[in-house]
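Colleague: quick one, structure for this:
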Amino acid sequence: MRAGKFAGVELLVNNWFIGLIAFFALCGLVSKVLLVFSAVLWHELAHMLMAMGLGYKVRQIELLPFGAVARVERLADAGATSEIMIAAAGPLASFGLAALCYTEWNEVSNWQDVFKFYGEVNLMLALFNLLPALPLDGGRILRAVLSLRRDYRSATAIVVMISYGITGLLVILAGISYWLHRTVNLTLLVAAAFLLLTARTENTLAGFRTMRILAHKKAQLLARGIMPAQHLTAMENAALHDIVRLFGAEEYNIVHIVDQNFKLCGALTETEVWEGLLKKGINSKINEFL
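Modeller: Residues are numbered from 1 along each chain as shown. This is a model prediction of the structure:
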């Protein structure tokens with residue numbers, strides 16, 4: 001259901017979310033549920049405002065039964081620095097709101113329970129999202145840091161393996177909780193299932209990201225006639241996999257090839273490099289393309 005617009009961004013309320021609110025209202029817990037989802041919305045708004053500040057267009061924010069999602073155009077194509085800034089904005093905003101709640105908790109006696117609960121919600125939201133697992137903020141930050149030293153796909157694969165490890169740990173914790181208290185911790189099990197499914201999806205999508213980024217760059221260059229470029233210099237016997245991992249996501253890449261005497265042998269555009277990769281493979285030498 002469409003709930004309106006905020007700063008040009010469409011706000012949607014999922015039908016399941018409406019049903020959940022109605023259910024908890026019947027149980028007398030609607031106030032706490034609304035506090036939880038306002039904390040989630042605040043977290044997502046921080047992502048949205050950072051993305052908008054970096055020049056990305058935010059289309060929608062949708063409230064879901066177990067959180068919220070901001071739909072940002074070309075977010076998957078962001079460079080490492082932009083991805084870190086956007087991902088970190090959410091946990092930082094949640095930590096800030098938690099700190100404010102704990103400050104007010106000691107000042108306003110009539111609202112101590114509310115501020116304490118709201119502070120705990122925001123603190124747990126920030127800490128959970130900082131787990132180094134995809135698609136959480138911590139996983140995106142870790143992948144962006146790793147992609148500074150290696151290609152995006154291998155960086156994603158590493159974080160996906162860590163995500164599987166965290167998933168296993170959550171299941172073990174749920175098992176320990178059942179063994180000690182004879183209760184099933186649905187929160188841990190749902191979180192584990194969520195991370196397992198979404199991490200697998202992230203791993204699949206990573207393989208298509210490079211071609212999608214290149215297509216966007218070419219369209220942008222055709223439309224504007226000019227765009228920022230990154231120039232790289234490579235020895236003629238340099239391996240292709242060492243070159244493509246240095247390609248930036250936010251500028252068009254030009255590779256200059258020099259021989260052992262540092263004389264220019266030629267230059268290749270990013271498009272030519274990727275086309276050559278498809279024909280000769282990732283372990284080929286750059287001089288094979290001249």
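Colleague: strands along the protein, start to end?
Modeller: In the chain, the strands defined using DSSP state E lie at 2-6, 9-13, 58-64, 67-72, 229-235, 252-258, 264-269.
Colleague: what's the pLDDT at residue 257?
Modeller: At residue 257 the predicted local confidence, pLDDT, stands at 90.
Colleague: near residue 93, how many other residues are there?
Modeller: When neighbours are counted by other CB atoms under 10 Å, residue 93 registers 22. Every C-beta, even on glycine, is put in place using the N, C-alpha and C of the backbone.
Colleague: can you check residue 15 too?
Modeller: Using other CB under 10 Å as the criterion, residue 15 is surrounded by 10 other residues.
Colleague: relative to residue 38, how far out is it?
Modeller: Residue 15 sits 19 Å away from residue 38, going by CB to CB, to the nearest Å.
Colleague: how about residue 29?
Modeller: Taking CB to CB as the measure, residue 29 falls 15 Å from residue 38.
Colleague: residue 259 contacts residue 236, doesn't it?
Modeller: Yes - counting by CB atoms under 8 Å, residue 259 touches residue 236, with 5.3 Å between them.
Colleague: show the backbone phi and psi for residue 238.
Modeller: Phi and psi for residue 238, reported as degrees, to the nearest 10, are phi -70, psi 140.
Colleague: looking at it, it is touching residue 288, isn't it?
Modeller: No - here residue 238 does not reach residue 288: they are 10.8 Å apart, not a contact under CB under 8 Å.
Colleague: show me which of those two is the more surrounded one.
Modeller: Just comparing residue 238 and residue 288: by other CB under 10 Å the higher neighbour count belongs to residue 238, 17 against 13.
Colleague: what's the neighbour count on residue 195?
Modeller: As a burial measure, the neighbour count of residue 195 was computed by other CB under 10 Å and equals 23.
Colleague: do the same with residue 270
Modeller: Residues contacting residue 270 under the criterion other CB under 10 Å number 22.
Colleague: any idea how far residue 215 is from it?
Modeller: For residue 270, the distance to residue 215 equals 11 Å [CB to CB].
Colleague: list the residues that contact the closest residue to residue 203 other than its chain neighbours.
Modeller: Of all residues beyond its chain neighbours, the one nearest residue 203 is residue 160 (4.5 Å), with distances taken as CB to CB, 6 or more residues apart in numbering. For residue 160, the contact set (CB atoms under 8 Å, 6 or more residues apart in numbering) comprises 134, 199, 200, 202, 203.
Colleague: count the residues that sit near residue 179.
Modeller: Burial of residue 179, expressed as a neighbour count using other CB under 10 Å, amounts to 8.
Colleague: what sits against the residue located most distally from the centre of the chain?
Modeller: Using CA atoms, centre = their mean, the residue of the chain lying farthest from its centre is residue 261. It sits 43.5 Å away. Neighbour list for residue 261: empty [criterion: CB under 8 Å, 6+ apart].
Colleague: distance of it from residue 138?
Modeller: Residue 261 sits 47 Å away from residue 138, going by CB to CB.
Colleague: wait, residue 285 touches residue 235, no?
Modeller: No - the pair residue 285 and residue 235 does not pass the contact test of CB under 8 Å, sitting 9.4 Å apart.
Colleague: per-residue confidence for residue 2?
Modeller: Checking the pLDDT column for residue 2, the value is 67.
Colleague: can you give me the buried ones in stretch 126-137?
Modeller: By neighbour count, with 16 or more other CB atoms under 10 Å as the criterion, the buried positions of stretch 126-137 are 126, 129, 130, 131, 132, 133, 134, 135, 136, 137.
Colleague: closest to residue 219 among those?
Modeller: The shortest approach to residue 219 among these belongs to residue 135, at 26.0 Å (CB to CB).
Colleague: show me the contacts for the closest one.
Modeller: Counting by CB under 8 Å, 6+ apart, residue 135 makes contact with 198, 199, 202.
Colleague: quick check, the second one in contact with residue 134.
Modeller: Yes - with the criterion set as CB under 8 Å, residue 199 and residue 134 qualify as a contacting pair; they are 4.9 Å apart.
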